[in-house]
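> I'd like to go over a predicted model; first the sequence, then the structure.
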Amino acid sequence: MSKAHMASNGEGEPGSPARTYEEALNCLSSLITRRTRADGANKGDHFDLMFEYLKILELEDSMSRLKVIHVAGTKGKGSTCAFTESILRNCGFHTGLFTSPHLIDVRERFRLDGMDISEEKFTAYFWWCWDILQEKINDDVPMPTYFRFLALLAFKIFVAENVDVAIVEVGLGGKFDATNVIRTPIVCGICSLGYDHMEILGNTLGEIAGEKAGIFKQGVPAYTVSQPEEAMSSLKAKASQLGISLQVASPLDRGLLDGQQLGLDGEHQYINAGLAISMSRSWLERTGHSEGIFTQNTKSLPEQFIRGLTLSRLQGRAQIVPDPYFSTQSSTLGPGGLVFYLDGAHSPESMVVCASWFSNVAKETARYIYHPEQPKNSSSARLVPILIFNCMSVRDPQMLLAPLMSTCSYNGVYFHKALFVPNQSTFNKVGSFTSTQSNPQQVDLSWQMTIQRVWKNTINGNKGLIDDKVTGVNEVCKQGEQRNTRNFENSAIFPSLASAIQWLREYAQQKRTIRLQVLVTGSLNLVGDVLRLIKK
Ligand SMILES: Nc1ncnc2c1ncn2[C@@H]1O[C@H](COP(=O)(O)OP(=O)(O)OP(=O)(O)O)[C@@H](O)[C@H]1O
Ligand SMILES: [Mg+2]
Ligand SMILES: [Mg+2]
C-alpha cells in the first residue's frame, strides 16, 4: 500500500478517536441504523447519495477502471462469487472480493487474493475513508449507513490495491443496492431467485427478479441460472429493454472436475459453479485474457478453472467442523465425539438444500464409520443427529422448520433432539469481539419458546419427523440405546449458545460410543457464534 493511502498512525486530532482497529469497529457500529429493515430503507432511500460519497472520496474515475463482476440473486451469491474469485485467482489474476454478511469478523467481507484483508490494511483504509467523510458531511449529505460505508470501503480498497478483477456481491436487491454505483462492470450475474426480503423487494417473484435485474447495464453481458418462469421472464424483459444478452448457465457437470470435489459442499453448488464458470469465461474474453487458458476442446474445463473450483472456500455454508474440544482428546474418546454441520440457510428454499446436504453427509459419515473391514461389534460410534436452530423474528419459523424436517425425514435422517438458543451476538455485530450477554437470567427467550411451539406442532402434525421411527442411518443409533432414546425429550431451550454447547460436550463425553452430528442452521449469525465459540 502506498504512503498516500495509509492513514496517519498517530493519535489523531485531539478529541478524535485513536486510529486503532478496535476504534474503527466502534465507529463502524455507530453507522448501524436503528430502523427495522421492513420500513423500506432500501427502496431507493437517497440512493444518489452514493454518488456524492464517491465524489467526496475521489473514487469516481478510478472506480470506472475497476474490472468488476457484479452478482445479485436470492441464494448463492456469496458461493458464486467465491468460486469466481478462486477461478480467476488460479488463472493468475490479482483479485478483490467483496461479500456479505460476515460470520465472525468484518474483514471476511473484503478478500485480497483469496485472503481476508489484514487488520493493518483494513484499519488504514477505514480511517482514510472515515476521516474524509467526517470532514465533508453536512445536513444534506450525512454519514453513509453501515452497508453503504462498507461498499465504499471495498471500492477504495480494490482501487488502492490495484486489483485486476473485483468480484462484488450485492447486499440486498440490486437496483438500489449500495454496490449498484458500478456503472461499467465487465459482466454481471443473477443467481437463484426465490422469496426473501419480500418486505423490501416486493411480493411476487417477478417483482423480486425485476429488482435484482436492476444491476444489468447497457453493453454488459448478463448471465443467470435456470429460474422459475415468472422470474426468468422478468429478467429477460429487463435484458431486452437494455438490448443486452442474457444467457442461462447450466449447472456444472461433475464429470468435468477430473474426479475431484467442489470446494463448497452441496448439490446446489453445482448450479452456482456453473454460473461462476460462465462469468469467469466471459470476463476473460472481454478483458482479452482468454488466450492460453481455453483450448479448442470446449467440452473440458481449463485446469485453472478446476483448481479454482475445487479450492474455493466460504465459511458457514455447508461447513463441517469437528469440535476441537474432542479432536484434541481423541485418544481418550474413541470413535464418538461431536461434529458440527454448519449452514447459514435462512429461507425456505435454502432450508431444503441445507437439509438434503446434511442428510447426505450424515449418511456418508455413517459409511465411513462402518468401514467394511471393521468388525460389526467393534467400537463404532452410533450417530445421533441433533439440531441447533434459531432464526430472526421477522421470519416465520414454520416456513423454515417444516421443509427442514420433511426433507431430512424423506432422506431417512431424524433429529434426536432440537435445541433452541438465542443468538449470542447482536444482529449487526461488526467486529471480532464477542458481546456476550451479561446475565443469562435476563435473556428474553420468548422467541425461542415460539420456535419450540412451532417445532412441537410440526412434529405433532407429522409423527414421522422425529426419531421414534428411526430408519436408515440411524437404525444403528437405536441398538443398545433404546431406553435413552425414549427418555429423550425432543427439544430444549438454552439461555445461551455456550450452555447448549456445554451440554452437548458433556453428553458426548458421557456416552463415548455415540457421535453427535449437530446441524446448526436458521441464521448465519448463529453459525458465526458457533464458530467463534468452538474455536476459542
Ligand atoms: N443455488 C442455490 N439454491 C438454493 N439455495 C442455495 C443456493 N446456493 C446457496 N444456497 C443456500 O443459501 C445459503 C447461503 O449461501 P450463499 O452465502 O452462497 O448465498 P447468498 O446469496 O450470499 O446469501 P445471503 O443472502 O445470506 O447473502 C447456503 O448456506 C445454502 O443453504
Ligand atoms: Mg439474502
Ligand atoms: Mg451473501
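Ah, there it is. Ligands and ions are numbered 1, 2, ... in the order given.

> CA only for contacts and neighbour counts going forward, please
Fine.

> pLDDT below threshold where in the protein?
Within the chain, the stretches with pLDDT under 70 are 1-15, 34-44, 196-202, 295-298, 328-335, 365-380, 425-441, 462-489.

> This protein: strands as residue ranges?
Secondary structure of the chain by DSSP state E: the strands cover 68-72, 95-98, 110-112, 115-116, 165-169, 187-190, 222-224, 246-248, 319-322, 337-342, 382-389, 417-420, 491-493, 514-521.

> Reformat these as TSV; add mean neighbour count and distance to ligand 3.
Output for these, formatted as TSV (neighbours: other Cα atoms under 10 Å; distance: least, Cα to the ion, whole Å):
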stretch	mean neighbour count	distance to ligand 3
strand 68-72	28	9
strand 95-98	28	10
strand 110-112	23	12
strand 115-116	16	15
strand 165-169	26	7
strand 187-190	28	13
strand 222-224	26	16
strand 246-248	19	21
strand 319-322	18	15
strand 337-342	25	15
strand 382-389	24	19
strand 417-420	22	24
strand 491-493	18	28
strand 514-521	25	15
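
> Would you convert those into JSON lines that also reports distance to ligand 1?
JSON lines is the format used below for those (distance: least, Cα to the nearest ligand atom, whole Å):
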{"stretch": "strand 68-72", "distance to ligand 1": "8"}
{"stretch": "strand 95-98", "distance to ligand 1": "11"}
{"stretch": "strand 110-112", "distance to ligand 1": "14"}
{"stretch": "strand 115-116", "distance to ligand 1": "16"}
{"stretch": "strand 165-169", "distance to ligand 1": "7"}
{"stretch": "strand 187-190", "distance to ligand 1": "10"}
{"stretch": "strand 222-224", "distance to ligand 1": "11"}
{"stretch": "strand 246-248", "distance to ligand 1": "13"}
{"stretch": "strand 319-322", "distance to ligand 1": "9"}
{"stretch": "strand 337-342", "distance to ligand 1": "8"}
{"stretch": "strand 382-389", "distance to ligand 1": "14"}
{"stretch": "strand 417-420", "distance to ligand 1": "19"}
{"stretch": "strand 491-493", "distance to ligand 1": "23"}
{"stretch": "strand 514-521", "distance to ligand 1": "9"}
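
> In the stretch 351-500 of the chain, which residue sits closest to ligand 1?
Sorted by distance to ligand 1 under Cα to the nearest ligand atom, the residues of the stretch 351-500 of the chain start with residue 354, at 4.7 Å.

> Counting neighbours, which bits of stretch 391-406 end up buried?
For stretch 391-406, the neighbour count (16 or more other Cα atoms under 10 Å) marks 391-392, 397-398, 400-406 as buried.

> Run the chain-centre distance for it.
18 Å (Cα atoms, centre = their mean, to the nearest Å).

> what does the stretch 1-150 of the chain have sitting close to ligand 1?
74-79, 100-101 (Cα under 6 Å from any ligand atom).

> change it to 8 Å
Contacts of the stretch 1-150 of the chain with ligand 1, taken as Cα under 8 Å from any ligand atom, map to 72-81, 99-101.

> Tell me the one among these nearest to residue 274.
Checking these against residue 274 by Cα to Cα gives residue 80 as the nearest, at 8.6 Å.

> The closest one and ligand 3, how far apart?
Computed as Cα to the ion, to the nearest Å, the residue 80 to ligand 3 distance reads 9 Å.

> my read: that residue touches residue 276, true?
Yes: if you go by Cα atoms under 8 Å, residue 80 and residue 276 touch, sitting 5.5 Å apart.

> Between these two, which is the more surrounded one?
Just comparing residue 80 and residue 276: by other Cα atoms under 10 Å the higher neighbour count belongs to residue 276, 33 against 29.

> show me what contacts that one?
Going by Cα atoms under 8 Å, 6 or more residues apart in numbering, residue 276 touches 80-81, 83-84.

> hang on, the earlier thing: in helices, which of the residues of the stretch 1-150 of the chain next to ligand 1 fall?
Counting by DSSP state H, the part of these found in helices is 77-81.

> As TSV, those with distance to residue 250 would be great.
Converted to TSV, these look like this (distance: Cα to Cα, whole Å):
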residue	distance to residue 250
77	16
78	18
79	16
80	13
81	17
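
> Return the closest of those residues with respect to ligand 3.
Nearest to ligand 3 among those, counting by Cα to the ion, is residue 78 at 4.3 Å.
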